[in-house]
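Participant: 3D model of this:
(chains A and B)
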Number of protein chains: 2
Amino acid sequence: MKKLPHAMYVLIAVSYLVSFAGCATGIDQSKRLDWEQMRFVDLTHAYGADTIVWPTEQDFRLIVQHAEETAGGYYYASNRIEMPEHGGTHIDAPIHFSRGGQTLDLIPLEHLTGGGVRIDVTAQCSQDRDYLVSIQDFERWESAHGRIPDRAVVLLETGYGRFWPSRKEYLGTELRGPEGVQALHFPGLHPDAAAWLIRERQVKAVGIDTASIDYGRSSTFDTHVALLSRDVPVFENLANLYELPDRGFDVIALPMKIAGGTGGPLRIIALLPR
Amino acid sequence: MKKLPHAMYVLIAVSYLVSFAGCATGIDQSKRLDWEQMRFVDLTHAYGADTIVWPTEQDFRLIVQHAEETAGGYYYASNRIEMPEHGGTHIDAPIHFSRGGQTLDLIPLEHLTGGGVRIDVTAQCSQDRDYLVSIQDFERWESAHGRIPDRAVVLLETGYGRFWPSRKEYLGTELRGPEGVQALHFPGLHPDAAAWLIRERQVKAVGIDTASIDYGRSSTFDTHVALLSRDVPVFENLANLYELPDRGFDVIALPMKIAGGTGGPLRIIALLPR
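Facilitator: Numbers count the residues shown, from 1 in each chain, chains lettered A, B, ... in the order given. From the prediction side, this is the model:
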């Protein structure tokens, strides 16, 4: 092989340096968020007097304490809140349906953050208020979008989030108390499909835009038991799932940190590339 | 210039392709989080009977409703909570001290997420319970670590977070009611330093590991007014700031979404490269 001119050695060396420098920068950036390049979707309903709670629970209450100019010359406003752990956009901790399970404060942050997928079952659920999301729904999603990644946060979009805050449309009934529980009609996740997500895809967490991961007709809450007994937290009453793509986003779900909590208010957001 | 052997053209072409492929991957990753490469620091105290609240507020209460095997054959546990908006690790929304300001549900997520810096003033605060963090403290930090980035989340570490949950050490008093407020002694942020952070560094949010961003002796809450009247949210009663580096981390602060809230429980975490 003929000897190369000196300039060409320099050119080759520079091209490799550019390559390494570019990659090194890429690695640094992948470990830090570029906030200016992200956009957010808030998957959280705000708490208020119209927040939907389980028929047997008392409503969320905001109690105004102060909202006035003070003698000190400054304006001051503050409130108190009273609520059930499981109303509004909230999380179920494993102990909610699993004796001795993790309480809310002990759920690892690694289970509350991760790549997300949205499973759109709005068509099925608009036909059937008692629809159960099935393994076939996941297989259909995978045919279109590729394998559900391992250790994902799986969000089920039934479309019922759009009914919020109408109890009649969202829950299927406005009745309160045990009578209300008997009259619930809304979709949920089949317990076999929950077991599949755990066994086949090591799902981190599961969320849904209805009042419960078990469908309204359930009296044994098998899906709750399936997920929570395996330390998979559940997100309920999610909002705005229709703003998400099917994949290609991250989920950050940060619950109020209640020592010994069985669940509690959740602020959950999706991060998407701009 | 002499003609190059064919093989060298191929080598140069390949080296450029490697460079572009590497950079392209880097750009994609910078827009998505690589969760396996991150670690978390939870900056949140758990809510419980020992949660520190302002001397004039009632304590956080967890009211157990259920914790038993049911007739349906499944275990079930749930609670209710009652609390002031401004106890424990919480956020102050602009309306807390600014008439007509943003309520909690309306704070943009862009103000609650961003690159973080930790300003360590533990030495100053261990000498003086009434210490006020000053512009000089920020200048000293910048001498050591470079300019505080624009649009950062600035966390002030007084060291008092280690006193939690001892009211005597943390607040300077165990007294309750107006007498307790008169006896408060803990460090805070000088209002001039707050104005500097807004004007000179466009700070997104400010946090502190004491009960208030104004020091315990304050009766006019000038620092609250300075920050909140400019729509800069405040994070109070932060935990574990000593686990953070001085810079090189991201902050995600997700408060409970209370419609009309003046503040509320906050789950706040830091993300660091592993």
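
Participant: in what helix or strand does the residue positioned nearest the centre of chain A lie?
Facilitator: Residue closest to the mean C-alpha point of chain A, counted by CA atoms, centre = their mean, is A:G207 at 4.6 Å. Here A:G207, judged by DSSP states H and E, is contained in strand A:205-208.

Participant: so what's the spatially closest residue to A:V53 that is not a sequence neighbour up against?
Facilitator: Excluding the flanking residues, the one nearest A:V53 by CB to CB, 6 or more residues apart in numbering or on different chains is A:G87, at 3.4 Å. In short, each C-beta sits where N, CA and C put it, glycine included. A:G87 sits next to A:47, A:51-54, A:57, A:59-60, A:237 when contact means CB atoms under 8 Å, 6 or more residues apart in numbering or on different chains.

Participant: where does A:Y9 land on pLDDT?
Facilitator: In this model, A:Y9 is scored at 59, pLDDT.

Participant: A:Q124 in helix, strand or coil?
Facilitator: Assigned with DSSP: H, G, I helix; E, B strand; the rest coil, A:Q124 falls in the helix class.

Participant: ok, it touching A:Q136?
Facilitator: No - counting by CB atoms under 8 Å, A:Q124 does not reach A:Q136; the two are 10.1 Å apart.

Participant: Out of the contacts of A:G87, which end up buried?
Facilitator: Buried by 16 or more other CB atoms under 10 Å in any protein chain shown: A:47, A:51-54, A:57, A:60, A:237, out of the contacts of A:G87.

Participant: Okay, and which of the residues you listed map to strands?
Facilitator: Counting by DSSP state E, those place none of their members in strands.

Participant: TSV for those residues, including pLDDT?
Facilitator: Formatted as TSV, the buried ones among the contacts of A:G87 follow (pLDDT from 0 to 100):
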residue	pLDDT
A:Y47	98
A:T51	98
A:I52	98
A:V53	98
A:W54	98
A:E57	97
A:F60	98
A:N237	98
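
Participant: of all those, which two lie farthest apart?
Facilitator: Pairwise distances across the buried ones among the contacts of A:G87 peak at 14.8 Å for A:Y47 and A:W54 (criterion: CB to CB).

Participant: Please list the residues of the stretch 101-250 of chain A that sit near chain B.
Facilitator: A:105, A:109-110, A:113-115, A:151, A:219-221, A:224-225, A:248, A:250 (CB under 8 Å from any CB of the partner chain).

Participant: From those, keep the buried residues only.
Facilitator: So, by 16+ other CB under 10 Å, the buried ones in these are A:105, A:109, A:113-115, A:221, A:224-225, A:250.

Participant: Which two of these have the greatest separation?
Facilitator: A:F221 and A:D250 (29.3 Å).

Participant: circling back to that earlier point, please identify which pair of the residues of the stretch 101-250 of chain A next to chain B lies farthest apart.
Facilitator: Across these (CB to CB), the longest gap, 37.9 Å, separates A:S219 and A:G248.

Participant: between the residues of the stretch 101-250 of chain A next to chain B, which is nearest A:R201?
Facilitator: A:R151 (8.0 Å).

Participant: What pLDDT is listed against the closest one?
Facilitator: 97.

Participant: One more: A:R32?
Facilitator: On the pLDDT scale, A:R32 gets 72.

Participant: Quick check: A:M83 touching A:A49?
Facilitator: No - applying CB under 8 Å, one finds A:M83 not in contact with A:A49, separated by 11.4 Å.

Participant: Would you mind telling me which of the two has more residues around it?
Facilitator: Each of A:M83 and A:A49 has its neighbours counted (other CB atoms under 10 Å in any protein chain shown); A:M83 has more, 25 against 11.

Participant: The helix or strand harbouring the more buried one: how far from the chain's middle?
Facilitator: Per DSSP H and E: A:M83 is located in strand A:75-84. Distance of strand A:75-84 from its chain centroid, counting by CA atoms, centre = their mean, to the nearest Å, is 26 Å.

Participant: Next SSE downstream of that strand?
Facilitator: strand A:90-92.

Participant: And A:I198, its phi and psi?
Facilitator: phi -70, psi -50 (degrees, to the nearest 10).

Participant: ok, it - how many residues close by?
Facilitator: 16.

Participant: Please apply the same query to A:N240.
Facilitator: Per other CB under 10 Å, the neighbour tally for A:N240 reads 19.

Participant: can I assume it is in contact with A:W164?
Facilitator: No - A:N240 is beyond contact range of A:W164, at 10.0 Å (criterion: CB under 8 Å).

Participant: where do the contact lists of those two overlap?
Facilitator: Counting by CB under 8 Å, 6+ apart, A:N240 and A:W164 have no common neighbour.

Participant: Surely A:A259 is in contact with A:I95?
Facilitator: No - the criterion here is CB under 8 Å, and A:A259 misses it with A:I95 at 12.0 Å.

Participant: Between the two, which has more neighbouring residues?
Facilitator: Shown here are A:A259 and A:I95; by other CB under 10 Å, A:I95 has more neighbours (24 against 17).

Participant: Not counting sequence-adjacent ones, nearest residue to the more buried one?
Facilitator: A:G101 is the one closest to A:I95 (CB to CB, 6+ apart), at 4.1 Å.

Participant: Poorly predicted segments of chain A, please.
Facilitator: For chain A, the stretches with pLDDT under 70 are A:1-31.
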